[in-house]
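**Student:** Kindly generate the corresponding structure for this input.
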Amino acid sequence: MSEWASHAVEGGVVIRHPDPGHAASTVTLWSDLELDDTTFAAVPEGWELTLSDLPVDRLEYLVAVDGDMRLDATQPLRVDGAFGEHSWLPLAGYSEPSWLGWPRIEGESDDARLEDTPVGAIDLTVWAPAGSLVDEPLPLLLSHDGPEMAAYGGLLDYVASGIEAGILPRMRVALLHPGARNERYAANPAYTKALTEDVIPHLLAVCPTEHPPVIMGQSLGALAALHAAWTAPTAFGGLCLQSGSFFTPDLDPQESGFEWWTEITSFVRTVFDAQSARPDAPRMALVCGSAEENYANNRLMAAHLSLTGVHLTWGEVRDGHTWTCWRDTLHPHLTDLLTAVWSTGH
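**Tutor:** Take a look at the predicted model:
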């Protein structure tokens, strides 16, 4: 790492871009957060930006040099994601989950494709502890955006380390490939039908279990999980909803141009119109980053579902709408949900 490097300071960060000849005209910071002016100032070594009172404990960002998005050349911390790598810096209040350093059991995966569902072919990958017998009954966790949550959110590492540590039971994890993600996950009745009438029966046929399955999702994937459970409340024993896209016209006008806006807001309104929980409503854990746009609609959804009688827990971390945020909320929130559902049966 360069001696003249980006770094955390008390209450914030200093971001630097080396350019002693000032070949660039403008250097700015890109982040998914709503920040004040992020224009770098010229200094002898190049360009520098100081940000104070940040609403997060870790900052993901890129450096825009004359509009060209780049990683921070002065420090090595990187985090991968669906849109490529970002630089990141930990602030004083941040620590990574301890389970990242724990021993893990070995696992093995099998791929499958369901061809004729109401939304076309659905691909899935089923992970199980190495050496599991085909007919061995194990609890089942389903994950929307499964391959991405495994690659960027550490889901399988979390499960493998939790099993080894004894805080999670031996289980199977079904990673659901999103396919046409926006269309499928935006409160789409056809996708819910495919999930509850094709995917789950297939999984239960090949993945024997004595417990109700649990489903999790992030952003639109969380919305899709809630939509499925709202339509078929007995299909799942639990839902882990991470930063759900529970858009409302009042809280999320900036999303009104999204092509599936009407479908999403109509479903969310249906949930808010409900005065009581449906029979056998599954347990839920809602988690969110406190610095993201979805925070307000997630808090509202959690409060409403609790009032209707849903058994619900809430969790948050000081982060934005990121895979790392969702990784960092797996324990204890998903851990506690799985323990509650699979120890009581619901």
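
**Student:** Look up how far residue 159 lies from residue 139.
**Tutor:** Residue 139 sits 11 Å away from residue 159, going by CB to CB, to the nearest Å. To be clear about C-beta, it is placed using only N, CA and C from the backbone, and glycine gets the same treatment.

**Student:** overlap in contacts of those two?
**Tutor:** Taking CB atoms under 8 Å, 6 or more residues apart in numbering as the criterion, residue 139 and residue 159 both touch residue 171.

**Student:** okay, these two: which has more neighbours?
**Tutor:** residue 159 (28 against 21; other CB atoms under 10 Å).

**Student:** buried residues in the one helix or strand the more buried one maps to?
**Tutor:** According to DSSP states H and E, residue 159 maps onto helix 155-165. For helix 155-165, the neighbour count (16 or more other CB atoms under 10 Å) marks 155, 156, 157, 158, 159, 160, 161, 162, 163, 164 as buried.

**Student:** of these, closest to residue 271?
**Tutor:** Nearest to residue 271, judged by CB to CB, of these is residue 155 at 25.9 Å.

**Student:** pretty sure that closest one is touching residue 323, no?
**Tutor:** No - with contact defined as CB atoms under 8 Å, residue 155 and residue 323 do not form a contacting pair (9.8 Å).

**Student:** Overlap of the contact sets of these two?
**Tutor:** residue 149.

**Student:** ok, residue 36 - how many residues close by?
**Tutor:** Residues within reach of residue 36, counting by other CB under 10 Å, total 8.

**Student:** For it, which three-state class applies?
**Tutor:** At residue 36 the chain is in coil, as set by DSSP: H, G, I helix; E, B strand; the rest coil.

**Student:** How much space separates it from residue 52?
**Tutor:** Remark: distance between residue 36 and residue 52 (CB to CB) = 9 Å.

**Student:** Likewise for residue 292?
**Tutor:** 20 Å.

**Student:** the more surrounded of these two?
**Tutor:** residue 292 (22 against 11).

**Student:** was I right about the more buried one contacting residue 316?
**Tutor:** No - Residue 292 is not in contact with residue 316 according to CB under 8 Å; the separation is 9.8 Å.

**Student:** Now do the contacts for residue 245.
**Tutor:** Residues near residue 245 by CB under 8 Å, 6+ apart: 219, 220, 222, 223, 255, 264, 294.

**Student:** Three-state assignment for it, please.
**Tutor:** coil.

**Student:** State the pLDDT value of it.
**Tutor:** Looking at residue 245, its pLDDT stands at 98.

**Student:** Under the pLDDT cut-off, which ranges of the stretch 101-250 of the chain? List them.
**Tutor:** Low-confidence segments of the stretch 101-250 of the chain (pLDDT under 70): none present.

**Student:** For it, which segments count as helices?
**Tutor:** In the stretch 101-250 of the chain, helices defined by DSSP state H, counting those that start in this stretch lie at 146-153, 155-165, 181-185, 189-194, 200-206, 220-231, listed in chain order.

**Student:** right, so the ones you listed: which one is the most enclosed?
**Tutor:** The highest average neighbour count among the helices of the stretch 101-250 of the chain, using mean count of other CB atoms under 10 Å, belongs to helix 220-231 at a mean of 25.

**Student:** which other residues reach it?
**Tutor:** Contact with helix 220-231 is made by 144-145, 178, 181-182, 184-189, 191-192, 195-196, 215-217, 235-236, 239, 241-246, 264, 267, 270-271, 278, 281-282, as judged by CB under 8 Å, 6+ apart.
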